[in-house]
Every structure is written in C-alpha cells, then in structure tokens.
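K.L.:
Predicted model and sequence follow; I will ask about them next.
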Amino acid sequence: MSFQAYLDNIETKTGLTPRQLVALAHEKGFDATTKATPIVQWLAEDYGLGRGHAMAMVHVITKGPQISGKHVESGTAHSDPSNTLWLDGKATNPNP
C-alpha cells in the first residue's frame, strides 16, 4: 500500500482529511518534537486507527507532507506518484 493510500484510508475511516487531522494534532500540542507514542495513542483512542495508519499520520504531523524520493515511481507496492503527499482529501487529489 502506498503512503498516499494509507492517508486516503484514514480519511475514509475517520471522515477527516489528513490536513484536518494535522490541525487537530497541532491543537493538542503535537508537533515536530513529539514522539510517536502519544500521537498513536490519541489516534487509536479517538479514531480507532491501527498502528500502521497512525504511523503514517505521525510522519505527516511531525515531518510534513514530504516523503523520501526512493518511494516515488519505484514500481513496488509502496510506490507513490510524487514525493509530496496530498493532504486535502482524496476527492480533490490531482494524482489519484
């Protein structure tokens, strides 16, 4: 599953875009210095996200939408079309 697919599945499960979840995380005080554990716990308790999906959000919350270029057009199951993740909802993604 690509990184973007994880984010799209999170939106389906929670009803919130990744950008909305990032905003909520920042309201809770989570930022680039926050360790993964409290973010994962929050996402599990409040939204029922499993560890893999929560860790995808941890990356976006703490590091932003940029991902490693090694996953771009790699031809693997984890391949993404871009090194920038789309956070504004799967329905508006120009690279579905």
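P.N.:
Cool, got the structure. What you see is a predicted model, and the numbers here were worked out from it, not measured in a lab.
K.L.:
Report the contact partners of the residue nearest the centre of the chain.
P.N.:
The centre of the chain sits closest to residue 57, judged by Cα atoms, centre = their mean, with a distance of 3.5 Å. Listed by Cβ atoms under 8 Å, 6 or more residues apart in numbering, the contact set of residue 57 reads 7, 10, 18, 21-22, 25, 39, 43, 49. Quick note: C-beta positions are derived from backbone N, CA and C, even for glycine.
K.L.:
Could you give me the buried positions within the helix or strand containing it?
P.N.:
Using DSSP states H and E, residue 57 falls within helix 51-63. For helix 51-63, burial by neighbour count (16 or more other Cβ atoms under 10 Å) applies to 53-54, 56-62.
K.L.:
Would you mind giving those as TSV with distance to residue 96 added?
P.N.:
Formatted as TSV, those follow (distance: Cβ to Cβ, whole Å):
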residue	distance to residue 96
53	19
54	23
56	17
57	20
58	24
59	21
60	18
61	23
62	26
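K.L.:
Which of the residues you listed sits closest to residue 32?
P.N.:
residue 62 (5.1 Å; Cβ to Cβ).
K.L.:
Show the contacting residues for that closest one.
P.N.:
Counted by Cβ under 8 Å, 6+ apart, residue 62 has contacts 30-34, 36, 39.
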